[in-house]
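A.B. asks: Below are the sequence and a predicted model; questions follow.
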Amino acid sequence: CPQNLQMEDTSSLKLAACRAKGGAPGFKVAVLGAAGGIGQPLALLMKMNPLVSVLHLYDVVNSPGVTADISHMDTGAVVRGFLGQQQLESALTGMDLVIIPAGVPRKPGMTRDDLFNINAGIVRTLCEGIAKCCPQAIVNVISNPVNSTVPIAAEVFKKAGTFDPKRLLGVTTLDVVRANTFMAEVLGIDPREVAVPVVGGHAGVTILPLLSQVKPPCSFSAEEIKYLTDRIQNGGTEVVEAKAGAGSATLSMAYAAAKFADACMRGLRGDAGLVECSFVASQVTELPFFASKVRLGRSGAEEIYPLGPLNEFERFGLEKAKKELAASIEKGVAFIRKQ
Ligand code: NAI
């Protein structure tokens with residue numbers, strides 16, 4: 001009832017004001033698609049993050065329920081819910097970080113590109129809102145196909161005159177998380193001790209793990225390299241098939257997105273030495289977008305690192321990845337330019 005809503009709003013305002021007085025550091029974060037398979041656990045993890053002072057949960061369905069549920073957690077962030085397109089602008093106004101897991105996921109037999117027709121339009125609408133209401137925000141794009149949705153977001157921002165390549169980041173963290181896990185399994189060590197750079201993009205052969213550059217340094221047999229590369233490239237499909245029609249990776253994805261968002265916020269706060277892989281506007285190859293290691297700082301992806309020395313297997317993989325990536329990027333760009 002409206003009275004209740006008013007009361008809740010007043011108390012959340014009081015809470016926010018009280019926190020502001022205490023000078024607690026905190027960022028305003030919006031999750032768009034917050035009622036979805038990724039959105040819900042991601043909202044939970046963001047509510048647990050002490051760097052978040054305000055959490056806006058937006059969706060076209062079910063966001064009031066998710067918001068009521070999450071808002072009962074006794075952690076710092078003030079939670080507000082927003083439902084439907086008419087509340088998109090309120091959801092976005094004043095945000096420092098916007099995370100986008102909105103859109104349909106894969107079913108068995110589908111590629112990420114099969115999602116293009118639905119998700120391209122969703123990402124366009126959401127990015128138009130961002131350009132209008134929080135053009136300075138860091139944007140984390142999760143919606144697939146990331147290889148096309150990030151170029152779509154860039155084109156929307158360019159049209160609006162708000163494009164800052166440092167602030168637009170495609171989330172490829174799940175590929176790194178999987179690579180670390182699978183490699184640790186092969187070596188029989190703790191995945192937290194492992195770092196595998198994964199470059200290229202976020203679909204099939206465009207996912208390019210650089211096993212010659214792993215930390216701790218180690219050498220693999222040709223068989224192990226083939227097994228690991230295949231499993232990392234097809235990790236998403238492994239989950240889609242196991243879920244047998246009930247969607248794609250949501251829990252590991254929420255974990256990966258929360259990890260990446262945390263690194264973005266620590267960068268905004270001014271922490272040093274934050275290096276993550278992300279799909280960004282890039283000059284590392286001849287393609288306009290590419291995933292590689294980036295250094296996160298106060299203005300987003302402040303430095304993009306070159307790929308470093310590749311072995312023959314990786315050079316071959318890179319050529320294959322670039323071919324597919326070029327087409328996906330072009331498809332995203334054309335989707336906005338043809339309108
Ligand atoms: P889901 O279908 O469970 O949830 C999507 C949510 O988006 C739903 O709650 C839906 O109502 C909402 N939505 C739809 N249209 C919207 C709009 N116009 N505005 C706001 N919200 C809207 O899907 P799930 O599993 O959460 O996946 C979301 C996306 O993330 C998919 O595109 C999926 O392919 C992608 N994904 C990306 C990964 C990555 O590594 N970048 C990994 C796994 C999934």
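C.D. replies: Sure thing, it's come through.
A.B. asks: name the element the residue in the stretch 1-150 of the chain that the ligand sits nearest to belongs to?
C.D. replies: Across the stretch 1-150 of the chain, the shortest distance to the ligand (C-beta to the nearest ligand atom) belongs to residue 36, at 2.1 Å. Bear in mind the C-beta positions are built from the backbone N, C-alpha and C, glycine included. Secondary structure from DSSP states H and E places residue 36 outside every helix and strand.
A.B. asks: Count the neighbours of it for me.
C.D. replies: Residue crowding around residue 36 was assessed by other C-beta atoms under 10 Å; the count is 26.
A.B. asks: just the helices in the stretch 201-339 of the chain please.
C.D. replies: Shown for the stretch 201-339 of the chain, the helices assigned by DSSP state H, counting those that start in this stretch span residues 222-233, 235-243, 251-269, 312-337.
A.B. asks: about what we covered before: report the contact partners of the residue of the stretch 1-150 of the chain closest to the ligand.
C.D. replies: Neighbour list for residue 36: 59, 101-102, 250 [criterion: C-beta atoms under 8 Å, 6 or more residues apart in numbering].
A.B. asks: same thing but 10 Å
C.D. replies: Shown in contact with residue 36 (C-beta atoms under 10 Å, 6 or more residues apart in numbering): 42-43, 59, 61-62, 66, 101-105, 142-143, 247, 250, 254.
A.B. asks: Quickly note the distance from it to residue 100.
C.D. replies: Counting by C-beta to C-beta, to the nearest Å, the gap from residue 36 to residue 100 is 11 Å.
A.B. asks: shared neighbours of those two, anything?
C.D. replies: With C-beta under 10 Å, 6+ apart as the test, residue 36 and residue 100 both reach 142-143.
A.B. asks: What distance do you get for the closest residue to residue 231 other than its chain neighbours to residue 199?
C.D. replies: Distances taken as C-beta to C-beta, 6 or more residues apart in numbering place residue 182 nearest to residue 231, at 5.2 Å, with adjacent residues excluded. With distances taken as C-beta to C-beta, residue 182 is found 16 Å from residue 199.
A.B. asks: Counting neighbours around each, name which of the two comes out higher.
C.D. replies: Per other C-beta under 10 Å, whichever of residue 182 and residue 199 has more neighbours is residue 199, with 30 against 21.
A.B. asks: Within the helices and strands, which one has that one?
C.D. replies: strand 198-200.
A.B. asks: Which strands or helices does that strand pack on?
C.D. replies: Judged by 3 or more C-beta pairs under 10 Å, 6 or more residues apart in numbering; DSSP states H and E, strand 198-200 is in contact with helix 173-187, strand 207-209, helix 222-233, strand 274-281, strand 289-297, helix 312-337.
A.B. asks: Show me what from the stretch 51-200 of the chain comes close to the ligand.
C.D. replies: In this structure, the stretch 51-200 of the chain approaches the ligand at residues 59-61, 101-106, 115, 119, 122, 125-126, 142-144, 146, 171, 174, judged by C-beta under 6 Å from any ligand atom.
A.B. asks: Could you rerun that using 5 Å?
C.D. replies: When proximity is defined by C-beta under 5 Å from any ligand atom, the stretch 51-200 of the chain lies next to the ligand at 59-61, 101-103, 105, 122, 142-144, 146, 171, 174.
A.B. asks: Report the buried members of those.
C.D. replies: With burial judged by 16 or more other C-beta atoms under 10 Å, the buried subset of these is 59-60, 101-103, 105, 122, 142-144, 146, 171, 174.
A.B. asks: Check these and tell me the two furthest apart.
C.D. replies: 60 and 174 (23.9 Å; C-beta to C-beta).
A.B. asks: wouldn't residue 69 be in contact with residue 40 here?
C.D. replies: Yes - counting by C-beta atoms under 10 Å, residue 69 does reach residue 40; the two are 8.5 Å apart.
A.B. asks: Please identify the buried residues of stretch 50-69?
C.D. replies: Within stretch 50-69, the residues that count as buried by 16+ other C-beta under 10 Å are 51-60, 62-63, 66-67.
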